[in-house]
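> Next come a sequence and a model predicted from it.
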Amino acid sequence: MTIPADLKYTKEHEWVRIDGDTATFGITDHAQEALGDIVFVELPEIGRTLEAGEAYAVVESVKAVSDVYAPVAGDVVEVNEALEGEPELVNTDPYGAGWIARVTIGEGAAELMSDDEYTTFLEE
Amino acid sequence: MSADTTFKYSATAGIQHEEPLLFEHAHEAPSSISLPGVDGEISDALNHFARKDAAGIPGLSEPEAVRHFVRMSQWNHGIETGFYPLGSCTMKYNPRVNEQVVRLPGLAHIHPDQPEATAQGVLALLYELQGWLGEIAGLPYVTLQPAAGAHGELAGLMMIRAALDARGDTHRRKVLVPDSAHGTNPASAALCGMHTVELKSGADGRIDLDELKAHLDADTAALMMTNPNTAGAFESDIKEICRLVHEAGALVYGDGANLNALVGVARPGDMGIDCLHINVHKTFSTPHGGGGPGGGPVAVNETLAPFLPVPRIEKQGDTYVLLQHADTSVGPVLGSVGQIGVLLRAHAYISAFGRQHLHSIAEDAVLNANYVLRRLQGRYHVPFPGLCKHECLLTDEVQERHGVKTLDIAKRLIDLGFHPMTVYFPLIVHGAMLIEPTETESRETLDAFCDAMLDIADVCEAGDTDILHEAPVKPFRRRLDETQAARKPVLVWPA
């Protein structure tokens, strides 16, 4: 299980990569492992304003359908359209090609954890 | 035990037939069908309505067509083939006497639109059933119309919405749904123009009162909940839950999917629930699981009664009538008074027990589930210890240490002759296995199933897990590729 050091994590097993005033969202390796084979990702509309903690995408696996929550507030500027044809990217490369959406950062954030804190959270 | 040992109810390979799709059978020039010739050019008479392509009718003889369907039915596993402990689905045996009842000519051959005066017998039965369901639910006003459970949810939410609108609460559109809920709950709310907020379950798998309080507000229309919940646990705070919701000006929708645990013993209306749908095809027996038909009558209290759908079955003197209009009604939700065949089977099932013995349904269902739980606990992880209601919840936590997951256990059960339990639901536990035996199974059947489950646990611990990963090996079709089926579904023929 990989937990990159340059990302922040939520209790809902999302990651966020903050880069200046933009943030990229995805789900963690642990989340994709728990969900099993992802078969569909419902992406948010570009331009949508998200509050921190708001459900912005839906990930469907052979086992379950789960909401994905925004780690920080923001306006959606880009979505990973590759997931429409290849949802399995979330399984094979959750922190890279499996990213879900990119936002310009707004006001407010969910409770975010460092990689070490997330590792401890998973162990608990 | 090795892969080829025969278990008491093991699946075995008999004569099995490969079976193409009906249209793949199509004979170019069927030798067994001889249609009479036609004089003249039909297409001239049909003008531009004449078809341009062949109709694609397979052209099978009657025995060929019958064999097609019977062969495919032999690939199947039903409640009449073996044990079917699919959690949350109440796959109880459907007594043969029900089938005799619904085939009585006076019941089987009526038409939905024939005059009421000529359908008094069936209306009398349905009226009586309405009363019984109202009494069982503790919610006296009943519509029989909804054609399935989810349809009942929609009808119930429509009534709740209408009641809120009628008192000026048109802003109340938020529906609270626990994270253990059936997926139909949020879907029904969305279809009814409401939005849902998920409530996180407490550590015991039940509704967390603080979480509920934190989300109840002036925009809340309803709480949708299932009791007992999908973890098989009774919501012991139910009275307080209902009080809090009512205090906030909202209503409580009860999902009756798990009524089998309560029938004849406890009444949702007495707990404070305002509206409950009843899956009569589950609780009161009808073959189901193949996509229908179902029946999802909704029982409501006085608050919601004015909003019940029409037509309503009423009794005026000695005559049963269909009340076609009521000013406050949400209108019809089906093109007839209900799925008559399913409703009549429910009437027969309830009649067979009678008022005095109805409680034995719930008592035996709960006893059977706890029997299975007691035999399997210790070998399988039980996420919420204690007594369960009509279904018991296990996980694959112990077996996962040996690399064996819930799916492998489920597939191995097929080889051992059982329909698997519900897997990966409820979502609040990892690797869920939800087992609902129902009241209609004997102790011997339950033992055979438990023996199979314990055998799987033994195989896991012995490390001989190949037969689990490869399972099922005995049925006609082996392990299907569910991922590929979902990612690249083939929905048309020819592909």
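Nice, I can see it.
> so how many other residues sit close to A:Asn80?
21 (other C-beta atoms under 10 Å in any protein chain shown). For the C-beta atoms, the positions are set from N, CA and C on the backbone; glycine is no exception.
> residues in contact with it?
A:Asn80 makes contact with A:Val41, A:Leu43, A:Leu89, A:Ala97, A:Gly98, A:Trp99, A:Ile100, A:Ala101, according to C-beta atoms under 8 Å, 6 or more residues apart in numbering or on different chains.
> Inside helices: which ones of these?
Using DSSP state H, the members of the contacts of A:Asn80 that fall in helices are A:Leu89.
> Among the contacts of A:Asn80, which one lies nearest to A:Lys11?
Proximity to A:Lys11 was ranked across the contacts of A:Asn80 by C-beta to C-beta; first place goes to A:Ile100, at 17.5 Å.
> Check which residues of the longest strand along chain B are buried.
Scanning chain B for the strand with the most residues, using DSSP state E, yields strand B:220-226. By 16 or more other C-beta atoms under 10 Å in any protein chain shown, the buried positions in strand B:220-226 come out as B:Thr220, B:Ala221, B:Ala222, B:Leu223, B:Met224, B:Met225, B:Thr226.
> what does stretch A:45-60 give?
A:Arg48, A:Leu50, A:Ala52, A:Gly53, A:Ala55, A:Tyr56, A:Ala57, A:Val59, A:Glu60.
> Distance-wise, check the residue nearest the centre of chain B relative to chain A.
Geometric centre of chain B, nearest residue: B:Cys89, 4.7 Å, by C-alpha atoms, centre = their mean. As judged by C-beta to the nearest C-beta, to the nearest Å, B:Cys89 and chain A stand 17 Å apart.
> so that residue sits right up against B:Gly289, yeah?
Yes. At 6.6 Å, B:Cys89 and B:Gly289 qualify as touching, with contact defined as C-beta atoms under 8 Å.
> got the contact list for the helix or strand bottoming out on mean pLDDT in chain B?
Sorting the helices and strands of chain B by mean pLDDT, DSSP states H and E puts helix B:42-46 at the bottom, at a mean of 73. The contact list for helix B:42-46, computed with C-beta under 8 Å, 6+ apart, reads B:Ala50.
> So which bits of chain B are right by chain A?
B:Gly183, B:Glu198, B:Val423, B:Tyr424, B:Phe425, B:Leu427, B:His430, B:Glu482, B:Thr483, B:Ala486, B:Arg487 (C-beta under 8 Å from any C-beta of the partner chain).
> is the second one in a bridge, and if so with what?
By that I understand B:Glu198. Beta bridges link B:Glu198 to B:Val177, judged by DSSP bridges.
> and it, what is it in contact with?
With C-beta under 8 Å, 6+ apart, B:Glu198 has these contacts: A:Asp67, B:Val177, B:Pro178, B:Asp179, B:Pro186.
> Just the residues of chain B next to chain A: which are in helices?
Using DSSP H, the subset of those located in helices is B:Glu482, B:Thr483, B:Ala486, B:Arg487.
> before we move on, which element is residue 67 in?
Reading this off chain A. Per DSSP states H and E, A:Asp67 falls inside strand A:65-69.
> Sorry, I should have been clearer: chain B.
Going by DSSP H and E, B:Arg67 is in helix B:62-73.
> Of the contacts of B:Glu198 - the most surrounded one?
If you count neighbours using other C-beta under 10 Å, the busiest of those is B:Pro178, which has 27 neighbours.
> Distance from the least confident helix or strand of chain B to the middle of the chain?
48 Å (C-alpha atoms, centre = their mean, to the nearest Å).
> CA atoms only for that helix, dumped as PDB, please.
Extracted as PDB, the C-alpha positions of helix B:42-46 are listed here (Å, rounded to 0.1, in the frame of the first residue of the first chain):
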ATOM      1  CA  ILE B  42     -49.200  -8.300 -48.600                       C
ATOM      2  CA  SER B  43     -46.900  -5.400 -48.900                       C
ATOM      3  CA  ASP B  44     -49.200  -3.700 -51.400                       C
ATOM      4  CA  ALA B  45     -52.100  -3.800 -48.800                       C
ATOM      5  CA  LEU B  46     -49.800  -2.700 -46.000                       C
END
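> And chain B, is the worst-scoring helix or strand of chain A on mean pLDDT touching that?
Of all helical and strand segments in chain A, the minimum by mean pLDDT, DSSP H and E falls on strand A:65-69, at a mean of 91. Yes. Applying C-beta under 8 Å from any C-beta, one finds strand A:65-69 touching chain B at A:Val65, A:Ser66, A:Asp67.
> buried set for that strand?
Using 16+ other C-beta under 10 Å as the test for burial, strand A:65-69 gives A:Ser66, A:Val68, A:Tyr69.
> Can you spell out which helices and strands pack onto that strand?
Contacts defined by 3 or more C-beta pairs under 8 Å, 6 or more residues apart in numbering or on different chains; DSSP states H and E place strand A:65-69 against strand A:55-61.
> Quick one: list the elements packing against the strand it packs on.
strand A:22-27, strand A:38-42, strand A:65-69.
> Burial check on A:Gly26, number of neighbours?
27.
> what's the spacing between it and A:Ile18?
13 Å (C-beta to C-beta, to the nearest Å).
> do the same with B:Thr226
40 Å.
> so where do the strands sit in the chain?
I'll assume chain A. A:8-9, A:14-19, A:22-27, A:38-42, A:49-50, A:55-61, A:65-69, A:72-79, A:101-109.
> Can you look at chain B instead?
Taking DSSP E as the criterion, chain B contains strands spanning B:141-143, B:174-178, B:195-199, B:220-226, B:251-255, B:275-277, B:298-300, B:312-316, B:319-323, B:392-395, B:422-423, B:432-435.
> What helices and strands are in contact with the fifth one?
With contacts defined as 3+ C-beta pairs under 8 Å, 6+ apart, strand B:251-255 has these neighbours: helix B:149-166, strand B:220-226, helix B:238-247, strand B:275-277.
> mind redoing it with 6 Å?
Secondary-structure packing of strand B:251-255 (3 or more C-beta pairs under 6 Å, 6 or more residues apart in numbering or on different chains; DSSP states H and E): strand B:220-226.
> so who does the most centrally placed residue in chain A touch?
By C-alpha atoms, centre = their mean, chain A has its centre lying nearest to A:Gly26, at 2.2 Å. By C-beta atoms under 6 Å, 6 or more residues apart in numbering or on different chains, the contact set of A:Gly26 is A:Trp15, A:Pro94, A:Gly98, A:Trp99, A:Ile100.
> Using TSV, lay out the residues you listed together with distance to chain B, pLDDT and neighbour count.
Conversion of those to TSV gives the following (distance: C-beta to the nearest C-beta, whole Å; pLDDT from 0 to 100; neighbours: other C-beta atoms under 10 Å in any protein chain shown):
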residue	distance to chain B	pLDDT	neighbour count
A:Trp15	20	97	27
A:Pro94	16	97	24
A:Gly98	14	97	23
A:Trp99	19	98	22
A:Ile100	17	98	25
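> Looking at those, which is nearest B:Lys213?
Distances from B:Lys213 to the contacts of A:Gly26, taken by C-beta to C-beta, are shortest for A:Trp15, at 31.3 Å.
> and that closest one, what is it in contact with?
A:Leu7, A:Tyr9, A:Gly26, A:Thr28.
> now do 10 Å
Contacts here follow C-beta atoms under 10 Å, 6 or more residues apart in numbering or on different chains; on that basis A:Trp15 touches A:3-4, A:6-9, A:24-29, A:31, A:71, A:94-95, A:99-100, A:112-113, A:115, A:118.
> Only whichever of these are buried, select them in PyMOL.
Typed into PyMOL, the next command selects the buried ones out of these (criterion: 16+ other C-beta under 10 Å):
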select buried, chain A and resi 3+7+8+9+24+25+26+27+28+29+31+71+94+95+99+100+112+113+115+118
